[in-house]
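*Asks:* I need the structure of the sequence given here:
(one chain, ligands or ions: 1)
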Amino acid sequence: MADFRKVAAVADIPVGTMKSVEVAHERILVCHTETGFFAVADECSHDSAPMGNGHLHRNEVTCPRHGARFDITSGAVLGPPAVVPIDTFEVKVEGEDIFILVED
Ligand code: FES
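*Replies:* Numbering: from 1, shown residues only. As a prediction, the model looks like this:
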(Lines give C-alpha, C1' and ligand atoms only; values in the text may rest on other atoms or scores of the structure.)
Protein backbone atom coordinates (compact mmCIF):
# COMPACT_ATOMS: atom_id res chain seq x y z
CA MET A 1 0.00 0.00 0.00
CA ALA A 2 1.28 3.48 -0.85
CA ASP A 3 1.50 6.01 1.93
CA PHE A 4 2.81 9.55 2.40
CA ARG A 5 5.76 9.58 4.81
CA LYS A 6 7.35 12.65 6.37
CA VAL A 7 10.96 12.90 5.21
CA ALA A 8 12.16 16.39 6.10
CA ALA A 9 11.20 19.89 7.12
CA VAL A 10 10.94 22.63 4.50
CA ALA A 11 13.67 24.56 6.34
CA ASP A 12 16.07 21.60 5.89
CA ILE A 13 16.19 22.02 2.10
CA PRO A 14 16.58 25.61 0.88
CA VAL A 15 15.81 26.46 -2.77
CA GLY A 16 18.60 25.22 -5.04
CA THR A 17 19.64 22.39 -2.72
CA MET A 18 18.81 18.72 -2.29
CA LYS A 19 18.89 16.19 0.51
CA SER A 20 19.19 12.43 0.50
CA VAL A 21 16.73 10.62 2.77
CA GLU A 22 15.97 6.99 3.47
CA VAL A 23 12.34 5.94 3.69
CA ALA A 24 10.60 2.56 3.28
CA HIS A 25 13.97 0.97 2.38
CA GLU A 26 14.45 3.42 -0.49
CA ARG A 27 17.13 6.08 -0.80
CA ILE A 28 15.40 9.16 -2.17
CA LEU A 29 16.77 12.53 -3.24
CA VAL A 30 14.49 15.43 -2.30
CA CYS A 31 15.20 18.50 -4.45
CA HIS A 32 13.97 22.05 -3.91
CA THR A 33 13.78 24.24 -7.01
CA GLU A 34 12.19 27.59 -7.80
CA THR A 35 9.07 25.67 -8.85
CA GLY A 36 8.77 23.46 -5.77
CA PHE A 37 9.89 20.15 -4.30
CA PHE A 38 10.62 17.04 -6.35
CA ALA A 39 11.79 13.57 -5.35
CA VAL A 40 13.73 11.00 -7.36
CA ALA A 41 15.54 7.77 -6.63
CA ASP A 42 18.93 8.59 -5.13
CA GLU A 43 20.62 5.98 -7.27
CA CYS A 44 22.03 6.81 -10.68
CA SER A 45 20.77 4.44 -13.37
CA HIS A 46 24.25 4.31 -14.93
CA ASP A 47 26.32 2.76 -12.13
CA SER A 48 24.17 3.14 -8.99
CA ALA A 49 26.01 6.14 -7.54
CA PRO A 50 24.19 8.16 -4.90
CA MET A 51 23.56 11.65 -6.26
CA GLY A 52 23.18 13.69 -3.07
CA ASN A 53 26.66 15.12 -3.59
CA GLY A 54 25.92 15.91 -7.21
CA HIS A 55 24.88 19.23 -8.67
CA LEU A 56 21.37 20.65 -8.89
CA HIS A 57 20.67 23.33 -11.47
CA ARG A 58 17.05 24.30 -12.07
CA ASN A 59 15.27 20.98 -12.77
CA GLU A 60 18.45 19.09 -13.56
CA VAL A 61 20.58 16.92 -11.31
CA THR A 62 24.08 15.85 -12.35
CA CYS A 63 25.49 12.59 -11.03
CA PRO A 64 28.83 13.19 -9.26
CA ARG A 65 30.40 9.93 -10.51
CA HIS A 66 30.41 10.21 -14.32
CA GLY A 67 28.25 13.24 -15.02
CA ALA A 68 24.93 11.78 -16.21
CA ARG A 69 22.13 14.33 -16.01
CA PHE A 70 18.47 13.72 -15.14
CA ASP A 71 15.29 15.79 -15.17
CA ILE A 72 14.06 15.66 -11.56
CA THR A 73 10.46 16.39 -12.61
CA SER A 74 10.21 13.31 -14.84
CA GLY A 75 13.28 11.17 -14.12
CA ALA A 76 14.22 11.40 -17.81
CA VAL A 77 17.85 11.19 -18.88
CA LEU A 78 19.18 14.56 -20.11
CA GLY A 79 22.81 13.61 -20.62
CA PRO A 80 25.05 10.53 -20.93
CA PRO A 81 26.40 8.09 -19.91
CA ALA A 82 23.04 7.06 -18.36
CA VAL A 83 20.38 5.82 -20.78
CA VAL A 84 17.66 4.62 -18.37
CA PRO A 85 15.39 7.09 -16.51
CA ILE A 86 15.31 7.17 -12.70
CA ASP A 87 12.16 6.73 -10.59
CA THR A 88 10.25 9.76 -9.39
CA PHE A 89 8.07 10.06 -6.28
CA GLU A 90 5.05 12.21 -5.52
CA VAL A 91 5.76 14.98 -3.00
CA LYS A 92 3.42 17.05 -0.87
CA VAL A 93 4.11 19.85 1.57
CA GLU A 94 1.89 20.40 4.58
CA GLY A 95 2.81 23.33 6.75
CA GLU A 96 6.53 23.00 7.43
CA ASP A 97 6.78 19.32 6.58
CA ILE A 98 7.65 17.47 3.36
CA PHE A 99 6.02 14.11 2.60
CA ILE A 100 6.81 11.55 -0.09
CA LEU A 101 4.46 8.88 -1.41
CA VAL A 102 6.15 5.48 -1.06
CA GLU A 103 5.10 1.86 -1.14
CA ASP A 104 5.19 0.08 2.23
S1 FES B 1 27.10 6.36 -11.86
FE2 FES B 1 26.07 8.19 -12.40
S3 FES B 1 26.92 8.73 -14.30
FE4 FES B 1 27.88 6.87 -13.80
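*Asks:* how distant is stretch 60-76 from the center of its chain?
*Replies:* 9 Å (Cα atoms, centre = their mean, to the nearest Å).
*Asks:* give me the distance between the two termini of that stretch.
*Replies:* The first residue of stretch 60-76 is 10 Å away from its last residue (Cα to Cα, to the nearest Å).
*Asks:* please renumber the chain so that the first residue is 660 from this point on.
*Replies:* I'll keep to 660 as the first residue from here, and by that count the last item is stretch 719-735.
*Asks:* tell me the mean pLDDT for that stretch?
*Replies:* Here stretch 719-735 scores 98 as its mean pLDDT.
*Asks:* and the contacts of that stretch?
*Replies:* 677, 688, 690, 692, 697, 699-700, 703-706, 708, 710, 712-715, 718, 736-741, 744-747 (Cβ atoms under 8 Å, 6 or more residues apart in numbering). The C-beta positions use only the backbone N, C-alpha and C, and glycine is treated the same way.
*Asks:* which bits of the chain sit near the ligand?
*Replies:* Within reach of the ligand by Cβ under 6 Å from any ligand atom, the chain has these residues: 703, 705-706, 708, 722, 724-727, 740-741.
*Asks:* which of those are buried?
*Replies:* Buried members of these, scored by 16 or more other Cβ atoms under 10 Å, are 703, 705, 708, 722, 724, 727, 741.
*Asks:* looking at the residues you listed, which are in helices?
*Replies:* Judged by DSSP state H, these include no members of helices.
*Asks:* using TSV, lay out those residues together with distance to residue 667.
*Replies:* Listed next are those as TSV, based on distance: Cβ to Cβ, whole Å:
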residue	distance to residue 667
703	21
705	26
708	21
722	21
724	24
727	25
741	26
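*Asks:* which of the contacts of stretch 719-735 fall in strands?
*Replies:* 677, 688, 690, 692, 697, 699-700, 714-715, 736-738, 747 (DSSP state E).
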